[in-house]
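A.B. asks: Predicted model, plus sequence, below.
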Amino acid sequence: MNQEQRKPERVQKILAAAGLGSRRACEELIAAGRVAVDGRPITLGGKADPTQQVITVDGERVATNPDLVHFMLNKPLGVVTTVSDPQGRPTVMDLVPENPRVYPVGRLDQDTEGLLLLTNDGELANRLAHPRYEIEKTYVAQVRGQLRRRATRMLLDGVELEDGPARARSVRELGSAADRTLVELVLAEGRKREVRRMLAAVGIPVERLARVKLGPLALGDMSPGKHRPLTGGEIRGLYKAVGLGKPERSAEAEARARSGGGR
């Protein structure tokens, strides 16, 4: 069905389908004045188009469009982050359903594993990838040797790379055994092989590297190669992280509001 031909649905039904609770619970949210459509409070019995209009609860955007999918993948080693690979190597697209078509948000190098988001939610993907939003990425590196205090300070103060300075927001040791150490680093950038290059710049060789968090999204104990759809709460967390909680009204939304649509 063409999205423009969808009939508006009652907002409590949309919210219940989005996992906000039972219809009764969603009606209570609406009655309490906590729900808005395109930035305007909605009343009981109000309708909205879940594919075109932005619905918020307490100012946080709710993922209501059933056409949008969001997958978290634990990318294994040896898999490349691309839609198609001319060299015939396995890609992340081999690990998620073919339909609906999704695309990776950012990239992880072939020899880096961990959390990768794939979605057809273009607005969210663009914001997550844009440096303006400074979405934090958390990595765990297995390195050879110890993490010295001087190296930690250098990583926090910033090291000079060939494409400009790079700085970690936080660095901490998670543990060590024999001559190996686990180091957690949080960065707000996502340049190519940035973590490996930063650690190399302070004389620390990386043996293994994984991304374990993307903004508020945590990988958890998912096995390599596995994927799962995000929960409604996880999607709301991502929307909030990139400032999609309070929508900027489009001309179309303004016209709907003036004509009483969505109320």
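C.D. replies: Structure received.
A.B. asks: Reduced to three states, what does residue 234 come out as?
C.D. replies: helix (DSSP: H, G, I helix; E, B strand; the rest coil).
A.B. asks: Kindly report the same for residue 73.
C.D. replies: strand.
A.B. asks: show me the contacts for the closest residue to it other than its chain neighbours.
C.D. replies: Counting by CB to CB, 6 or more residues apart in numbering, residue 73 lies nearest to residue 227, which is 4.2 Å off, once chain neighbours are set aside. Yep, even glycine has a C-beta here, placed from its N, CA and C like the rest. Residue 227 makes contacts with 71-74, 95-96, 118, as judged by CB atoms under 8 Å, 6 or more residues apart in numbering.
A.B. asks: I'd like to know which of those residues are buried.
C.D. replies: 71-74, 95-96, 118 (16 or more other CB atoms under 10 Å).
A.B. asks: and of those residues, the nearest to residue 175?
C.D. replies: Nearest to residue 175 among those is residue 74, at 21.0 Å by CB to CB.
A.B. asks: State the pLDDT value of the closest one.
C.D. replies: The model reports residue 74 with a pLDDT of 98.
A.B. asks: Who is it paired with across the strands?
C.D. replies: residue 115 (DSSP bridges).
A.B. asks: measure it to residue 108 for me?
C.D. replies: Separation of residue 74 from residue 108 (CB to CB, to the nearest Å): 10 Å.
A.B. asks: shared neighbours of the two, anything?
C.D. replies: Joint contacts of residue 74 and residue 108 (CB under 8 Å, 6+ apart) are 114, 116.
A.B. asks: And the helices in the stretch 101-250 of the chain?
C.D. replies: For the stretch 101-250 of the chain, the helices defined by DSSP state H, counting those that start in this stretch cover 122-129, 149-157, 194-201, 232-241.
A.B. asks: Just send the ones you listed back as a markdown table, with distance to residue 223 and mean neighbour count too.
C.D. replies: Formatted as a markdown table, those follow (distance: least, CB to CB, whole Å; neighbours: other CB atoms under 10 Å):
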| stretch | distance to residue 223 | mean neighbour count |
| --- | --- | --- |
| helix 122-129 | 24 | 17 |
| helix 149-157 | 30 | 15 |
| helix 194-201 | 22 | 20 |
| helix 232-241 | 18 | 20 |
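A.B. asks: can you redo those as JSON lines with distance to residue 183?
C.D. replies: Formatted as JSON lines, these follow (distance: least, CB to CB, whole Å):
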{"stretch": "helix 122-129", "distance to residue 183": "24"}
{"stretch": "helix 149-157", "distance to residue 183": "9"}
{"stretch": "helix 194-201", "distance to residue 183": "8"}
{"stretch": "helix 232-241", "distance to residue 183": "24"}
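A.B. asks: Format these as a markdown table; extra columns: mean pLDDT and distance to residue 29.
C.D. replies: Shown next, in a markdown table, are the helices of the stretch 101-250 of the chain (pLDDT from 0 to 100; distance: least, CB to CB, whole Å):
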| stretch | mean pLDDT | distance to residue 29 |
| --- | --- | --- |
| helix 122-129 | 94 | 23 |
| helix 149-157 | 96 | 43 |
| helix 194-201 | 96 | 41 |
| helix 232-241 | 92 | 13 |
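A.B. asks: Okay then, goodbye and thanks.
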